[in-house]
Structure formats: structure tokens, C-alpha cells
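In: need a 3D model of the sequence below.
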Amino acid sequence: MNKIAKFLAIFVSNLGFVKPILNGIMNSYEYRTINNEFSFIVIEEKGRDIPMMKNQFNSFLIENLHTKDTILFRTFKILELEFLFYR
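Out: Next up is the predicted model:
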């Protein structure tokens, strides 16, 4: 019975209409430099937002003046219709 319940939970969570509900609970977005010298995961529900990332990245640049990694890249795919589920 336990295996069946796990299978059903995984199956239902992968249905198209359930994903936006589950994704809305806690979204996370990772940004990093090209050589992975700096990385930051944005989780707005926990207060880890874009301004915090910018502050930490500026601190990183001040501490590491030798680095050539001065551009942050997003490592997640942008969903074209994600604005429909924006809170």
C-alpha cells in the first residue's frame, strides 16, 4: 500500500494543472558567475531576494578584486506563461 501511495503522489504532482500550485509554494532561482566563483539562490519566500543578491555580489567583487567574473547569469529556464501565476 505504501508503494502505491508514493506512486500516486508522484503521478498527481506531475500533472499539468497541479504543477503551478506546487511551484507557487516556494520558487527558487539560481544565479551564478560563469566560473562558479559566486552563486546565489533567490528564494523570495525566505527573504533571499534580488536586492540581497546584489548586495552579496557587490561584497564578493570588493573582496575579490582579481576576479574577471563580473556578470551574473541565471541558471533556470524562463517560463513564458509564468506571469499568469504571479502573486
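In: as a check, name the ranges of all strands in the protein.
Out: For the chain, the strands defined by DSSP state E cover 29-32, 39-42, 73-74.
In: make JSON lines out of the ones you listed and add mean pLDDT.
Out: What follows is the strands of the chain, written out as JSON lines (pLDDT from 0 to 100):
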{"stretch": "strand 29-32", "mean pLDDT": "89"}
{"stretch": "strand 39-42", "mean pLDDT": "90"}
{"stretch": "strand 73-74", "mean pLDDT": "86"}
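In: what about these, which gets the closest to Phe57?
Out: Phe57 lies closest, by CB to CB, to one member of these: strand 39-42, at 7.0 Å. Placement of C-beta: from N, CA and C, glycine included.
In: in this structure Thr33 contacts Leu72, no?
Out: Yes - Thr33 lies in contact with Leu72 (CB atoms under 8 Å); the separation is 6.3 Å.
In: so what sits against both of the two?
Out: Here Thr33 and Leu72 have no joint contacts, going by CB atoms under 8 Å, 6 or more residues apart in numbering.
In: circling back to that earlier point, which one of the strands of the chain lies nearest to Ile62?
Out: Ile62 sits nearest to strand 39-42 of all the strands of the chain, at 15.6 Å, using CB to CB.
In: flag the shaky bits of this protein, pLDDT-wise.
Out: Low-confidence segments of the chain, defined by pLDDT under 70: 1, 5-26, 79-87.
In: do that again at 80, thanks
Out: Residue ranges of the chain with pLDDT under 80: 1-27, 44-45, 76-87.
In: in it, which helix is the longest?
Out: helix 50-63 (DSSP state H).
In: what helices and strands are in contact with that helix?
Out: Applying 3 or more CB pairs under 8 Å, 6 or more residues apart in numbering; DSSP states H and E, one finds that helix 50-63 makes contact with strand 39-42.
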